[in-house]
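Enquirer: this one's structure only:
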């Protein structure tokens, strides 16, 4: 069991799901754009929330760097109970918590990108700050399968 912080969760792991540099797609000239997305999963048995973030770097509308990372957060059992609504058989995870966990996962992704591109021409491409509050619209609801 992980040591939980005062907020009732522990950052228990990271997984690089995808990392690719498409050298033939890279162009030195032209505007840079970055596509950002995030998604969430919940493992009820392990009380673990999975935050997945994905970034694609584009030059001239062609992706040349792709990275997708999952952050794993174990939610303390007592904290998890406060998010469970038995009458609906649902877990409702507050937006504020989801934003916080996503920010942590993006920060870790920034470090992974740096480590994987260190010593290459691609190391100049750094993940910018992200307005995570704008990415997550509302509280997240997960259905309980076993309750």
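Expert: That came in fine, so what should we check first? Because the structure is a prediction, the values reported are computed rather than measured.
Enquirer: walk me through which strands whichever strand or helix holds residue 19 pairs with, and which way each runs.
Expert: Per DSSP states H and E, residue 19 falls inside strand 9-21. Applying DSSP bridges, strand 9-21 is found paired with strand 62-75 (antiparallel).
Enquirer: would you indicate which residues of the strand it pairs with are buried?
Expert: 63, 64, 65, 67, 68, 69, 70, 71, 72, 73, 74, 75 (16 or more other C-beta atoms under 10 Å). All C-beta atoms are positioned from the backbone trio N, CA, C, and that covers glycine.
Enquirer: and residue 96, that one's in a helix?
Expert: Yes: if the criterion is DSSP: H, G, I helix; E, B strand; the rest coil, then residue 96 is within a helix.
Enquirer: distance between the ends of stretch 28-36?
Expert: End-to-end distance for stretch 28-36, by C-alpha to C-alpha, to the nearest Å: 21 Å.
Enquirer: what values do phi and psi take at residue 130?
Expert: Dihedral pair for residue 130: phi -130, psi 130, per degrees, to the nearest 10.
Enquirer: that one contacts residue 106, doesn't it?
Expert: Yes: at 5.7 Å, residue 130 counts as touching residue 106 under the criterion of C-beta atoms under 8 Å.
Enquirer: these two: who's more crowded?
Expert: Remark: of residue 130 and residue 106, residue 106 carries more neighbours, 22 against 19, as counted by other C-beta atoms under 10 Å.
Enquirer: what residues does the host helix or strand of the more buried one touch?
Expert: Assigned by DSSP H and E, residue 106 falls within helix 95-117. Helix 95-117 is contacted by residues 7, 9, 11, 14, 16, 19, 21, 38, 40, 49, 51-53, 55, 65, 67, 69-71, 73, 123, 125-127, 130, 132-133, 135-140 when judged by C-beta atoms under 8 Å, 6 or more residues apart in numbering.
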